[in-house]
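Engineer: Next come a sequence and a model predicted from it.
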Amino acid sequence: MQVKQREHLRENIRNVTPRTFGEAALDVFRYQAIHNVIYAQFLDLLRVDPATVSFPIDIPHMPITLFKKYRLKSGEWEPVRTFTSSGTTGIATSHHLLSNEEWYRENARCAFELQYGTLQDRPVLALLPAYLERTGSSLVFMAEDFIQRSGHPESGFFLEDLPTLSQKLAALKSGPVPPLLIGVSFALLDLAEQHAQPLGNTVIMETGGMKGRRREMTRPELHGVLSEAFEVDHIHSEYGMTELLSQAYAPKNGRFLPAPTLCARVRDITDPLSAVATGKTGALNLTDLANLDTISFIATDDLGRVYPDGSFEVLGRMDASDVRGCNLLVL
């Protein structure tokens, strides 16, 4: 029975639209409230009866830090892979169990191709040294699939060989299909400093993160440096994390357009069970329907703003003093 229910939900998620998102979210909520032990405990601590939740906005979102404390699962299944977050020695990392690799690939491709067109025949050049140097990165897993999906002979990963990457970009920048250069921020800055050149119609996409290699920069500052070095009008951004199986992309100005399976809302920083009006700043709550087998309702530590069209900005991260009242299961 559980298997049939999960497959039914998966099919609804696969075909979700903005009109059906709310009902799909409620269906997933009811499923996870029963089949996710940790989420059920969280709802019980909040004194929330799942049967009384009738609107998506009323679904409680669980603190993202619980991915560090628990191996979250909805239903009975064996993980085929575990995604882990990066972290320094002594710092707990998040673990996200994956039940089906193809489900992740399917959702990741869909999110990218809806905004940028097919990956087939598009050169994909991935500059992700901090991620390649460890195991369990969901970003590397996604990039590897994009590279294979592209089928282009020049697609591939680059670790330290920036001169070769620069040469490839120079050769590809005027090709029939705009190449995709996807990279962690500090590595893109290294490339910009050492191999500045006009890159034409190349899609330059930063994934965030200095990983302790450089001083932190605001997104506008980072984009300004990269735009000047590579003589492009816009720098693109990818928003994803270990705890999500869906991504969002910002083609310009840091306004992220989420995958069909992802929805962002804003909660009050000091009262995590209270919503904040559209256009106002608060902490981001994310509903990721692709997380059917783990937990779809996540209260992140990111500060942001959501707009009427569903796009959102990420403005920074809360510090420890901003976290109030929502971490009932963390201690």
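Structural biologist: The structure has been received and is ready for your questions.

Engineer: low-confidence ranges in this structure?
Structural biologist: 1, 87-91, 210-214, 319-331 (pLDDT under 70).

Engineer: redo that, cut-off 80
Structural biologist: 1-2, 86-91, 130, 209-216, 319-331 (pLDDT under 80).

Engineer: just so I have it, where are all the helices in it?
Structural biologist: 2-14, 21-35, 37-45, 66-69, 101-116, 129-132, 138-150, 162-172, 185-194, 219-230 (DSSP state H).

Engineer: which residues sit in contact with His149?
Structural biologist: You called it His, but residue 149 is Arg. Contact analysis of Arg149 by C-beta atoms under 8 Å, 6 or more residues apart in numbering lists Arg109, Leu119, Gln120. Where C-beta positions appear, they are placed from N, C-alpha and C, glycine not excepted.

Engineer: 6 Å instead?
Structural biologist: Leu119 (C-beta atoms under 6 Å, 6 or more residues apart in numbering).

Engineer: so how far is Ser155 from it?
Structural biologist: 9 Å (C-beta to C-beta, to the nearest Å).

Engineer: Same question for Phe312.
Structural biologist: Applying C-beta to C-beta to Phe312 and Ser155 gives a distance of 30 Å.

Engineer: again, but for Tyr249
Structural biologist: Counting by C-beta to C-beta - Tyr249 and Ser155 are separated by 19 Å.

Engineer: go on, Val232?
Structural biologist: Distance from Val232 to Ser155, by C-beta to C-beta: 20 Å.

Engineer: ok, now Glu113?
Structural biologist: For Glu113 relative to Ser155 (C-beta to C-beta), the value is 15 Å.

Engineer: Which residue of the two possesses the greater neighbour count?
Structural biologist: Ser155 (23 against 15; other C-beta atoms under 10 Å).

Engineer: can you pull the contacts of the closest residue to Ala264 other than its chain neighbours?
Structural biologist: Among residues not flanking Ala264 along the chain, Phe312 sits closest, at 4.3 Å (C-beta to C-beta, 6 or more residues apart in numbering). With contact set as C-beta under 6 Å, 6+ apart, Phe312 has these partners: Phe256, Ala264, Gly304, Val306.

Engineer: Which strand residues bridge the second one?
Structural biologist: Following DSSP bridges, Ala264 is listed with bridge partners Leu286.

Engineer: my guess is it meets Arg305, correct?
Structural biologist: No. Ala264 sits out of contact with Arg305 when judged by C-beta atoms under 6 Å, with a separation of 9.4 Å.

Engineer: out of the two, which sits in the busier spot?
Structural biologist: Neighbours per residue, other C-beta under 10 Å: of Ala264 and Arg305, the larger number sits with Ala264, 24 against 19.

Engineer: Okay, the more buried one and Glu23: tell me how far apart.
Structural biologist: Relative to Glu23, and taking C-beta to C-beta, Ala264 is found at 18 Å.

Engineer: count of neighbours near Ser174?
Structural biologist: 12.

Engineer: which phi and psi does it have?
Structural biologist: phi -110, psi 10 (degrees, to the nearest 10).

Engineer: And for the one 10 residues further on?
Structural biologist: The phi/psi pair for Val184 (degrees, to the nearest 10) reads phi -70, psi 150.

Engineer: That one and Glu102: what is the separation?
Structural biologist: 26 Å.

Engineer: From the neighbour counts alone, determine which of those two ranks first.
Structural biologist: Val184 (23 against 9).

Engineer: what's near enough to touch that one?
Structural biologist: Leu128, Ala130, Thr207, Gly209.

Engineer: what's the neighbour count on the third one?
Structural biologist: Other residues within reach of Thr207 by the criterion other C-beta under 10 Å amount to 24.

Engineer: Check the last one too.
Structural biologist: Neighbourhood size, Gly209 [other C-beta under 10 Å]: 18.

Engineer: quick one: contacts for it?
Structural biologist: Contacts for Gly209 (C-beta under 6 Å, 6+ apart) come out as Val184, Ser185.

Engineer: if we go to 8 Å?
Structural biologist: By C-beta under 8 Å, 6+ apart, Gly209 lies in contact with Ala130, Val184, Ser185, Phe186.

Engineer: Export those residues to CSV and append columns for distance to Gln32.
Structural biologist: Below are the contacts of Gly209 laid out as CSV (distance: C-beta to C-beta, whole Å):
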residue, distance to Gln32
Ala130, 32
Val184, 32
Ser185, 34
Phe186, 36
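
Engineer: residue contacts, Lys199?
Structural biologist: Actually, residue 199 is Leu. It isn't Lys. Contacts of Leu199 (C-beta under 8 Å, 6+ apart): Leu169, Lys173, Leu181, Phe230, Glu231, Val232.

Engineer: tally of neighbours for the closest residue to it other than its chain neighbours?
Structural biologist: Once flanking residues are discounted, Leu199 sits nearest to Phe230: 4.4 Å by C-beta to C-beta, 6+ apart. Applying the criterion other C-beta under 10 Å, we find 22 residues in the vicinity of Phe230.

Engineer: do the same with Leu189
Structural biologist: Neighbour tally, Leu189, other C-beta under 10 Å: 20.

Engineer: ok, now how distant is it from Gln247?
Structural biologist: Distance, Leu189 to Gln247, by C-beta to C-beta: 22 Å.
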